[in-house]
Every structure is written in C-alpha cells, then in structure tokens.
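Engineer: Requesting a structural model of the entry that follows:
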Amino acid sequence: MNDYATTVKNTLFKLIHEMSEVSYLFVQNPESDFFRNRKLNFEALIKFFLSMEGSSLSKEILEYFHYDTDATSVSAFNQQRKKLLPEALEFLFRKFNTAFFRQKETSGFYNSSL
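Structural biologist: Now for the predicted structure:
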C-alpha cells in the first residue's frame with residue numbers, strides 16, 4: 001500500500017482518537033454526552049461522518065457497520081449527532097491540516113516565497 005496514504009490515514013485516526021480522549025470539549029453537555037458505551041461513540045461518530053458518501057442515511061449506516069443486523073438505527077445516529085458541537089469537525093480539520101503543513105515544511109516541499 002502507498003506509504004503516504006497510510007501516513008495520512010494513521011494521522012487522521014490518531015487525531016480522532018486524541019479528540020475522543022477529551023470529547024467533553026466537543027459536546028453539548030460535557031457532563032453526560034458520550035460517557036456511556038455505544039455503537040456510535042465519539043470516535044466512531046467522527047469516522048462515520050468522514051466516511052459518508054451520499055447515499056441515504058440508513059444505507060450509509062449499513063455500509064459502515066458492514067451490513068451487521070445489530071447496526072445502529074438512524075434515530076440513534078441523529079441522537080448522537082445532536083450531542084456533537086460543530087466546532088469538533090472544524091478543530092479536526094485545522095489540526096489535520098496543520099499536521100501536514102508542518103510535514104511539508106520539514107520535508108522541503110514548502111516554498112515560503114510562494
């Protein structure tokens with residue numbers, strides 16, 4: 001497999017995992033949101049958002065859970081989604097871009113005169 005693609009994926013998953021460890025910073029109700037163990041915990045919800053393609057929500061859920069009969073419901077997804085602050089995805093976007101901007105600078109790809 002392409003080493004760069006693997007690096008990008010691993011970096012993204014690492015950032016999502018780090019965010020999940022402090023998920024209370026990215027939720028509506030920090031005292032209770034994402035504390036119980038669910039199929040769509042904080043980390044899985046973010047990964048699910050990023051993997052969505054454009055089908056119906058029920059089809060996306062089935063594909064994400066590999067057509068498992070115990071997959072979460074559309075209603076459960078909507079309930080979990082409401083807990084997440086919009087700033088969570090913005091934070092992930094900025095951290096992810098920063099990680100690769102720094103990598104380009106140190107690899108010699110970045111030209112500061114541009």
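Engineer: Need the phi and psi values for residue 84.
Structural biologist: Phi and psi for residue 84, reported as degrees, to the nearest 10, are phi -90, psi 130.
Engineer: do residue 90 as well
Structural biologist: Per-residue torsions, residue 90: phi -60, psi -40 (degrees, to the nearest 10).
Engineer: Could you measure from it over to residue 69?
Structural biologist: The gap separating residue 90 from residue 69 is 35 Å, by CB to CB, to the nearest Å. For the C-beta atoms, the positions are set from N, CA and C on the backbone; glycine is no exception.
Engineer: cool, residue 58 as well?
Structural biologist: Distance of residue 58 to residue 69, computed by CB to CB: 13 Å.
Engineer: More neighbours: which of the two?
Structural biologist: residue 58 (12 against 6; other CB atoms under 10 Å).
Engineer: I'd assumed residue 76 was in contact with that one.
Structural biologist: No - using CB atoms under 8 Å, residue 58 is not in contact with residue 76, being 11.6 Å away.
Engineer: How many residues are close by the closest residue to residue 49 other than its chain neighbours?
Structural biologist: Leaving aside its sequence neighbours, residue 49 sits nearest to residue 89 (CB to CB, 6 or more residues apart in numbering; 6.9 Å). Other residues near residue 89 come to 14 when the count uses other CB under 10 Å.
Engineer: Quick check, residue 89 in contact with residue 45.
Structural biologist: No - the criterion here is CB under 8 Å, and residue 89 misses it with residue 45 at 10.4 Å.
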